[in-house]
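Asks: below are the sequence and a predicted model for it; my questions follow.
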Amino acid sequence: MAPSISMTPSNPLNILDFVVNKGHGVKGLADLGLKTLPHQYIQPPQERFDHTSNEELNEDSIPVIDLSNSDDPNVAKAVCDAAQKWGFFQIINHGVPIHVLENVKDATHKFFELPAEEKKKYSKEQSGTNNVRFGTSFTPEAEKALEWKDYLSLFFVSDDEAASLWPAICRNEALEYIRSSETVVKRLLKILMNGLNVKDTDSTKESILMGSKRINLNYYPKCPNPELTVGVGRHSDVSTLTILLQDDIGGLYVRNTKTMKWVHVPPVNGSLVINVGDALQIMSNGKYKSVEHRVTANGNDNRISVPIFVNPRPSDIIGPLVEMVESGEKPIYKDVLYSDYVKHFFRKAHDGKATIDFAKV
């Protein structure tokens, strides 16, 4: 049964109350069968997506890299080149079983099909921990226009904590996806470190690169007037690497930093999308690029995605790696406490690449 809401022009806050406070999210709005987009979601013209003027011609696309022989020097070169030019690439034959990917996609749909009062148990107000968070948009209290997305964000501490705090309907599938991706994450980080002439990735360095993980289940419902809003606004991730599973709907766009046009990342069956995050841009002293990306709203289909954010630990100090500056290269970033960097990102609306300025010398 679809939720009910009384909408009047004189009471604009009822949308916020319905979506945020009552836990219906944008899925609840979509389930009402709205014919027009509520004004709270209408983005300023410069943030809307104009396919005719913004999208690159099809011949320009991010690389798709076959990892079936990751020891091949050509594969390593392709990964490092993509991290420098695009900050994004897709991987196939990555070793994560297809059934694991399909299961976590199915579990994502099942979680968002739960009644609002059930999902609300995992909201900031009710979950009792910052490690489990059901929410909508990005930072509603700081945004002038909301984003057309709901999410469940799960910070991994231990299997025991996940067993007690994560929603049962998606817990096992999310954990299996995290476990199954660990090997390919380590392979990619080893390749990327070698590309920086960092040959010895000891336990301390590994901890800074991948000491914590967060998995998000993202839901983008079918949207009235998708041309007026966004699924996710322009931003770069604060992670070391992000490993993204997307469904077959499409809608992820990456900024070409040379032309400043937007390039679609088409779904490739069985692939994972990898992108460099700000933490790796800082640690590589700018050699690897954490690039702006965004997600469009869709007027025809519901879309899901499942990113794993591989991060430093909150207590880690991040800055250019010693190997980057010991040869005389001038550091362009200062050392920052990673938790401070992340807090800076989350206390404001999405604003492109502005977060990185927090760490600039």
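Replies: Everything's here; your move.
Asks: and Met283, what does it touch?
Replies: Met283 makes contacts with 208-209, 240, 318-321, 324, as judged by C-beta atoms under 8 Å, 6 or more residues apart in numbering. Quick note: C-beta positions are derived from backbone N, CA and C, even for glycine.
Asks: just list the residues touching Arg214, thanks.
Replies: 153-156, 308-309, 311.
Asks: neighbour count and distance to Leu32 for these - can I get that in JSON lines?
Replies: Listed next are those as JSON lines, based on neighbours: other C-beta atoms under 10 Å; distance: C-beta to C-beta, whole Å:
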{"residue": "Ser153", "neighbour count": "18", "distance to Leu32": "25"}
{"residue": "Leu154", "neighbour count": "27", "distance to Leu32": "28"}
{"residue": "Phe155", "neighbour count": "20", "distance to Leu32": "32"}
{"residue": "Phe156", "neighbour count": "18", "distance to Leu32": "34"}
{"residue": "Ile308", "neighbour count": "25", "distance to Leu32": "32"}
{"residue": "Phe309", "neighbour count": "21", "distance to Leu32": "32"}
{"residue": "Asn311", "neighbour count": "26", "distance to Leu32": "36"}
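Asks: secondary structure and pLDDT added to the residues you listed, as a markdown table?
Replies: Below are the contacts of Arg214 laid out as a markdown table (DSSP: H, G, I helix; E, B strand; the rest coil; pLDDT from 0 to 100):
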| residue | secondary structure | pLDDT |
| --- | --- | --- |
| Ser153 | strand | 93 |
| Leu154 | strand | 96 |
| Phe155 | strand | 93 |
| Phe156 | strand | 93 |
| Ile308 | strand | 97 |
| Phe309 | strand | 95 |
| Asn311 | strand | 93 |
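Asks: quick one on the thing from earlier: which of the contacts of Met283 fall in strands?
Replies: Ile318 (DSSP state E).
Asks: most neighbours, which of the contacts of Met283?
Replies: Counting neighbours by other C-beta atoms under 10 Å, Thr240 leads the contacts of Met283 with 29 neighbours.
Asks: that one: what's it in contact with?
Replies: 189, 209-210, 277, 279-280, 283, 310-312.
Asks: mean confidence score for stretch 258-272?
Replies: Stretch 258-272 comes out with an average pLDDT of 91.
Asks: and it, which residues are buried?
Replies: Residues 261-265, 267, 271-272 are the ones in stretch 258-272 that count as buried (16 or more other C-beta atoms under 10 Å).
Asks: re the thing from before, flag the least confident of the contacts of Thr240.
Replies: The member of these with the lowest pLDDT is Met210, at 89.
Asks: can you pull out the strands in the stretch 251-361 of the chain?
Replies: Counting by DSSP state E, counting those that start in this stretch, the stretch 251-361 of the chain has strands at residues 252-255, 262-264, 272-276, 293-295, 303-311, 317-318, 336-337.
Asks: what's the separation between Lys289 and Asp278?
Replies: Distance of Lys289 to Asp278, given as C-beta to C-beta, to the nearest Å: 10 Å.
Asks: also Ala163?
Replies: Going from Ala163 to Asp278 by C-beta to C-beta gives 31 Å.
Asks: more crowded one of these two?
Replies: Taking neighbours as other C-beta under 10 Å, Ala163 and Asp278 compare with Asp278 leading, 24 against 12.
Asks: who's the residue positioned nearest the centre of the chain bridged to?
Replies: The residue lying closest to the centre of the chain (C-alpha atoms, centre = their mean) is Pro307, at 5.3 Å. Under DSSP bridges, the beta-bridge partners of Pro307 are Leu244.
Asks: buried residues in stretch 103-119?
Replies: Neighbour-count burial for stretch 103-119 flags 103-105, 107-108, 111-112, 114, 116, 119 (criterion: 16+ other C-beta under 10 Å).
Asks: also stretch 298-312?
Replies: Buried positions in stretch 298-312, judged by neighbour count with 16+ other C-beta under 10 Å: 298, 302-312.
Asks: and what of stretch 88-106?
Replies: Buried residues in stretch 88-106, counting neighbours by 16+ other C-beta under 10 Å, are found at 88-91, 94, 96, 100-101, 103-105.
Asks: and stretch 238-258, by the same measure?
Replies: Buried residues in stretch 238-258 (16+ other C-beta under 10 Å): 238-247, 250-256.
Asks: so after the worst-scoring helix or strand of the chain on mean pLDDT, what's the next helix or strand?
Replies: Ranked by mean pLDDT, DSSP states H and E, the weakest helix or strand in the chain is helix 51-54, scoring a mean of 53. Once the chain leaves helix 51-54, the next helix or strand it forms, by DSSP states H and E, is strand 64-66.
Asks: understood, closing this out.
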